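Q: heads up, no residue letters with this:
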């Protein structure tokens, strides 16, 4: 194909994280509702009966979720810092976990998707990330992580 070149999974992950595009099976699964992931187009409130419809409609009616998928921008520019499953802490309280991460070419630092408790970690909150012998900080951001990457 003329004008195209192959890129690796790292480039793909960087772009999809910047654009706020979660991947099923990696960033979310059947344990999260569409509203928690921010993919409202994944369900219908007018279609006939389907499994989970009552819960999805209840969340839509009351307008809130207790956890959500969000973005993280790390304070450190180092590349070898995060792992899937790293715990996110606010003080001594665990408020979420890292789902996937990549280096953002636009921001020149690591970015990540995480599932966090909505009430504890609104956008702008700085969280500690704890993993195997690592202690980092990251700021919670809304998706898309890089606004120009939305398209």
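A: Happy to help now that I have it. None of these values were measured; they are calculated from a predicted model. Residues are numbered from 1 along each chain as shown.

Q: the strand or helix carrying residue 88 packs against which elements?
A: Taking DSSP states H and E as the definition, one finds residue 88 inside strand 87-90. If you count contacts as 3 or more C-beta pairs under 8 Å, 6 or more residues apart in numbering; DSSP states H and E, strand 87-90 packs onto strand 93-104, strand 126-131. (Each C-beta comes from the backbone N, C-alpha and C, glycine too.)

Q: deepest-packed of these, please.
A: Counting by mean count of other C-beta atoms under 10 Å, strand 93-104 has the highest mean neighbour count of these, with a mean of 19.

Q: pull up the pairing partners for it, direction included.
A: strand 87-90 (antiparallel), strand 109-117 (antiparallel) (DSSP bridges).

Q: re the thing from before, rank the helices and strands packed on strand 87-90 by mean pLDDT and give me the bottom one.
A: Among the helices and strands packed on strand 87-90, strand 126-131 carries the lowest mean pLDDT, a mean of 90.

Q: so how far is residue 6 from the closest residue in space to residue 135 that isn't next to it in sequence?
A: Counting by C-beta to C-beta, 6 or more residues apart in numbering, residue 128 is the residue found nearest to residue 135 once chain neighbours are left out, at 6.5 Å. According to C-beta to C-beta, to the nearest Å, residue 128 stands 38 Å off from residue 6.

Q: ok, residue 61 next?
A: Distance check for residue 61 against residue 6: by C-beta to C-beta, it reads 46 Å.

Q: test my guess that residue 103 contacts residue 112.
A: No. Counting by C-beta atoms under 8 Å, residue 103 stays clear of residue 112, with 10.5 Å between them.
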